[in-house]
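**Student:** model this:
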Amino acid sequence: MLHKKNRKERDTTTHTSVKKEMAKPRMAKSARIAELNLDIARVPEQPSTSMPGTVDKIIPSPRPSQPEKAQIAVHGADHRNQDLRIENTLTDEHGDDVRLKKGAHVEVTVTAEPER
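**Tutor:** Down below sits the predicted model:
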C-alpha cells in the first residue's frame, strides 16, 4: 500500500518548468514566431556549413549556349555526395568574371533557407 501512496503524491506535484510555462500568457505559435522575427536584438542567422574541396575536372559544354561546368570533390562529405558540379561562370569581389581551374582548392559553403 505504501507504493500507491508515493505514486499519488508524485502525480499531484507540478514540476517547476510546467509552472513557469503556465505563468506565461497564452500565445499562438505563429504569434511567438512573429514576435521573435520582430526582435531587433536577435539577428536570425541562416544555418550553414563549409567544407574544403578541390576542382577535379572541367567539363566542356556540349553546346555554345551552355556554360562549362566544374566538378568539385568535397572533402569530408559522404561518398554519395562527394562530387559536386557547378557552372564555371563565377564573379569575384570586384565584379570581374573568373573561372575555376583544375586542381584549384576551394571552400564550399552550403546555406539552408530558414523555415517559415
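**Student:** looking at this, Lys20 is in a strand?
**Tutor:** No: remark: Lys20 does not belong to a strand; assigned using DSSP: H, G, I helix; E, B strand; the rest coil, it is helix.
**Student:** what about it, how many neighbours?
**Tutor:** Residues lying near Lys20 (other C-beta atoms under 10 Å) number 9. In short, each C-beta sits where N, CA and C put it, glycine included.
**Student:** What pLDDT is listed against it?
**Tutor:** Looking at Lys20, its pLDDT is 79.
**Student:** Flag the shaky bits of this structure, pLDDT-wise.
**Tutor:** Counting by pLDDT under 70, the chain shows low-confidence ranges at 1-14, 40-44, 114-116.
**Student:** Please enumerate the helices of it.
**Tutor:** For the chain, helices defined by DSSP state H occupy the ranges 2-12, 16-23, 29-38.
**Student:** Contact partners for the residue nearest to Ser48 when sequence neighbours are not counted?
**Tutor:** In this structure, Ser48 finds its nearest non-sequential neighbour in Thr111, 4.1 Å apart by C-beta to C-beta, 6 or more residues apart in numbering. By C-beta atoms under 8 Å, 6 or more residues apart in numbering, the contact list for Thr111 reads Gln46, Pro47, Ser48.
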